[in-house]
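Colleague: Okay, structure incoming, though there's no sequence with it:
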Ligand SMILES: Cc1cc2nc3c(=O)[nH]c(=O)nc-3n(C[C@H](O)[C@H](O)[C@H](O)COP(=O)(O)OP(=O)(O)OC[C@H]3O[C@@H](n4cnc5c(N)ncnc54)[C@H](O)[C@@H]3O)c2cc1C
Ligand code: FES
């Protein structure tokens, strides 16, 4: 089983998901087996304003552990990350970073500003 | 820029982006255009909405924007509904009275599917530095992109060695990435080739 531990900069309690990468996709948005796919498929919320199409940066996560257990970033992901606020060397787009290793232990941090950016402009 | 619409289907809530096709100067009301995609349950829901219905959305979001016209020749390439983000860009560019040529290559499977045509032709009349060209190719996405690729290659890759142009490309599917690769591979700067893939 692979494991993702999710830390939230907003202070929400951390979450852990265990899953088998071979069972992907877990729902239909983002790359099958991506962090977004795994989280949404296990009812953990991660913003994905463009529907997981690699066209925004709202699914930005900072990988604290297991960066090398994720698929390599495509040119399209790199182009977008260039524009992500608060970019770090281990930043990834959750909808594009696929967990490939069945025994992967991944730790990610969901940055706060990503959440703020959304809730501040919530048009409801 | 796009808004992110929350689409309540029977068994799930889907998040889908739709581009703001109007300009900020148009005021609080904004326009989106959408295409009925075969088998697309999300957009089918949108088509069922009536005037006065409420829709939940967040935004705007997106990285595919043009704030200032570059001091260079500017080339827009779009297909079908993916003209939506280019429309406000064109307006902005012409407001800034560009000193360099501006071109739009706009493709669709049928003439009726070229959106905002009157408005775009209006730009061409008002601004002599603007050149508007269309491609009609039915026969599916592959055929459409094969035509676009051929036109792009002929005009901006093999004809000259000018690699200072800036490109904005928007379309549906992997063809967009092939156009990106063609242009960057030909020597255009990474940052001068901007694109959005739907
Ligand atoms: C940044 C961004 C902006 C977008 N803006 C618009 C917009 O302004 N207007 C709009 O109609 N759609 C737009 N889209 C596409 C839209 O978000 C949905 O993907 C589309 O409505 C289908 O969603 P669905 O849930 O019904 O179908 P899904 O089952 O999710 O089907 C998606 C499939 O439809 C294809 N597709 C997506 N959009 C189109 C289209 N316009 N024409 C033909 N095929 C398409 C996709 O490539 C994909 O294969 C945008 C997508 C992105 C990433
Ligand atoms: S959800 Fe938009 S880039 Fe990942």
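Modeller: In hand now; what should we look at? Not measured: the values here are computed from a predicted model. Numbering: from 1, shown residues only, chains lettered A, B, ... in the order given. Ligands and ions are numbered 1, 2, ... in the order given.

Colleague: list the contacts for the most centrally placed residue in chain B?
Modeller: Centroid-nearest residue in chain B, with CA atoms, centre = their mean: residue B:83, separated by 3.3 Å. By CB atoms under 8 Å, 6 or more residues apart in numbering or on different chains, the contact list for residue B:83 reads B:21, B:106, B:114-116, B:170. Any C-beta I mention is one placed from the backbone N, CA and C, and that applies to glycine too.

Colleague: and if we set it to 6 Å?
Modeller: Residues in contact with residue B:83, defined by CB atoms under 6 Å, 6 or more residues apart in numbering or on different chains, are residue B:115.

Colleague: Look up how far residue A:77 lies from the residue nearest to residue B:114 when sequence neighbours are not counted.
Modeller: With CB to CB, 6 or more residues apart in numbering or on different chains as the criterion, residue B:114 has its nearest non-adjacent residue at 4.9 Å, and that residue is residue B:108. According to CB to CB, to the nearest Å, residue B:108 stands 29 Å off from residue A:77.

Colleague: Quick check on the residue nearest to the centre of chain B: phi, psi?
Modeller: phi -70, psi -20 (degrees, to the nearest 10).

Colleague: Can you read off the pLDDT for it?
Modeller: Listed pLDDT for residue B:83 reads 98.

Colleague: From ligand 2, how far out is it?
Modeller: Computed as CB to the nearest ligand atom, to the nearest Å, the residue B:83 to ligand 2 distance reads 21 Å.

Colleague: Return the residues in contact with the residue nearest the centre of chain A.
Modeller: Closest residue to the average C-alpha location of chain A: residue A:94 at 2.3 Å, with CA atoms, centre = their mean. Going by CB under 6 Å, 6+ apart, residue A:94 touches A:35-36, A:46, A:59, A:61.

Colleague: how does it look with 8 Å?
Modeller: A:30, A:34-36, A:39, A:46, A:48, A:59-61, A:108.

Colleague: Residue A:4 now?
Modeller: With CB under 8 Å, 6+ apart, residue A:4 has these contacts: A:16-17, A:19, A:35, A:38-39, A:99, A:106-108.

Colleague: how about a cut-off of 10 Å?
Modeller: A:15-19, A:35, A:38-39, A:42, A:44, A:61, A:63, A:65-66, A:99, A:104-108 (CB atoms under 10 Å, 6 or more residues apart in numbering or on different chains).

Colleague: So, low pLDDT: which residues of chain A?
Modeller: Within chain A, the ranges that satisfy pLDDT under 70 run A:113-124.

Colleague: Out of the contacts of residue A:94, which sit inside helices?
Modeller: A:35-36, A:39 (DSSP state H).

Colleague: can those go into JSON lines with extra columns for neighbour count?
Modeller: Converted to JSON lines, these look like this (neighbours: other CB atoms under 10 Å in any protein chain shown):
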{"residue": "A:35", "neighbour count": "29"}
{"residue": "A:36", "neighbour count": "27"}
{"residue": "A:39", "neighbour count": "26"}
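
Colleague: out of those residues, who's nearest residue B:166?
Modeller: residue A:36 (31.2 Å; CB to CB).

Colleague: ok, the closest one to residue A:23 distance?
Modeller: On the measure of CB to CB, residue A:36 and residue A:23 end up 15 Å apart.

Colleague: who in chain A is up against ligand 1?
Modeller: Neighbours of ligand 1 within chain A, by CB under 6 Å from any ligand atom: A:50-51, A:53, A:55.

Colleague: if we go to 8 Å?
Modeller: With CB under 8 Å from any ligand atom as the criterion, chain A meets ligand 1 at residues A:28, A:50-51, A:53-56.

Colleague: Turn these into CSV, columns for neighbour count and secondary structure.
Modeller: Listed next are the residues of chain A next to ligand 1 as CSV, based on neighbours: other CB atoms under 10 Å in any protein chain shown; DSSP: H, G, I helix; E, B strand; the rest coil:
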residue, neighbour count, secondary structure
A:28, 13, coil
A:50, 28, coil
A:51, 23, coil
A:53, 18, coil
A:54, 20, coil
A:55, 24, coil
A:56, 31, coil
